[in-house]
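[1] Turn this into a model:
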Amino acid sequence: MSKSALAYLVSLILLAGAMVLGVTVGTVPISPAVIWNPSSDEAAANILWNIRMPRVVLAGLVGAALAIAGAAFQGLLKNPLADPYTLGVSSGAAVGAVMTLFFGISIPFLGLFTLPVISMLGALITMVTVMGFARLVDRSMKMETVILTGIIFSSFLGSIMSLMIALTGEELRQIIGWLLGSVSMRGWPYVQMALPFVLVGSFVLWLYRRELNAMLFGEERAQHLGVDVRKSKMAILIGGSVLTGTAVAVSGTIGFVGLVVPHMTRLVWGSDHRHVLPLSFINGAALLIICDLVARTIISPTELPIGVITAFIGAPVFAFIFFRQRRGGL
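    A predicted model of the protein is given here:
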């Protein structure tokens, strides 16, 4: 068996195991047999298919979206510290979503899709602004400059969100609960809302897998290899912003998934984006399903925000990557 085939097999087994645990473990334990034979226990089947399964599927979609977006941003910027959270893209998406909730925006022909669309626009505008400002500050676009620019914009956008929260009334609890990051009580409508955008955004990034490989050698070399660097960059930024905006719209701000998963995937399975992108998608889904399971069971019946669990995992990994990079280990 080839290394890539083994990578997919291991990743799919992890995802399947995470999904089974996600739907069977909880305050009410459910036998895995109910998945295949719902009539054996109708009450358990109702909990499984109407409460836990949509939650698990949504967590998987959000994790997959953030992980593949992080993999693309890391490949584009040639640095393992890049992800939607550290670049400020998540904050931009969050501002778009909070504005939608705060002002009660509903675009008639979009309906349910108003929230993810405005969230995506917020993510894309923030990404383009961060990159543009970083280029003004430093023409060489050093990663430290991009990360610092992302932090500056995250702080600014955070203050805008704080202002809207301070001015809001009865929507306060909804907005704060949403900002902490959760896939609780979302249901199948949120899955239906997120699924098309996650599939389209992921497909766009996958189409540019060879261009990402070429850009690892530098933009000039990629151009010599026949890559339209400007077009590829824009497509990757749009695809990543669509994924980030969708994830934030349905689950709130969940950090570090886009940092940890692609980095670990590269460490274990190599840096070829033909495999890094789909493997990050699968492993990101598995990680967030497990994180959500921990968030809702560790202090049951109280639920922790899922962002708390990902931060516990992600912050040390971020520090480790940063330390190795500064010491010349990467």
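
[2] Quick one: distance of the strand or helix carrying residue 234 to the chain centre.
    Using DSSP states H and E, residue 234 sits within helix 229-251. Chain-centre distance of helix 229-251: 10 Å, with CA atoms, centre = their mean, to the nearest Å.

[3] avg pLDDT for that helix?
    If you average the pLDDT over helix 229-251, you get 90.

[4] pull the CA atoms of it into CSV?
    In CSV, the C-alpha atoms belonging to helix 229-251 read as follows (Å, rounded to 0.1, in the frame of the first residue of the first chain):
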residue,chain,number,x,y,z
VAL,A,229,0.1,33.8,-10.0
ARG,A,230,-2.3,36.7,-9.7
LYS,A,231,-5.3,34.7,-10.8
SER,A,232,-4.3,31.7,-8.6
LYS,A,233,-3.8,34.0,-5.5
MET,A,234,-7.2,35.6,-6.0
ALA,A,235,-9.0,32.2,-6.5
ILE,A,236,-7.3,30.8,-3.4
LEU,A,237,-8.2,33.9,-1.3
ILE,A,238,-11.8,33.7,-2.5
GLY,A,239,-12.1,30.0,-1.8
GLY,A,240,-10.5,30.3,1.6
SER,A,241,-12.8,33.3,2.5
VAL,A,242,-15.9,31.4,1.4
LEU,A,243,-15.0,28.5,3.7
THR,A,244,-14.1,30.7,6.6
GLY,A,245,-17.2,32.8,6.2
THR,A,246,-19.4,29.8,6.1
ALA,A,247,-17.8,28.2,9.1
VAL,A,248,-18.1,31.4,11.2
ALA,A,249,-21.7,32.0,10.1
VAL,A,250,-22.9,28.6,11.3
SER,A,251,-20.7,28.0,14.4
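
[5] how about it: buried residues?
    For helix 229-251, the neighbour count (16 or more other CB atoms under 10 Å) marks 232-233, 235-251 as buried. Yep, even glycine has a C-beta here, placed from its N, CA and C like the rest.

[6] Equivalent analysis for stretch 114-128, please.
    114-127.

[7] Identify the residues contacting it?
    The contact list for stretch 114-128, computed with CB atoms under 8 Å, 6 or more residues apart in numbering, reads 84, 87-97, 99-101, 105-107, 110, 153, 157, 193-194, 197, 237-238, 240-242, 244-246, 248-250.

[8] let's see 6 Å
    If you take CB atoms under 6 Å, 6 or more residues apart in numbering as the criterion, stretch 114-128 is touched by 88-89, 92-93, 95-97, 100, 106-107, 110, 197, 237, 241-242, 244-246, 248-249.
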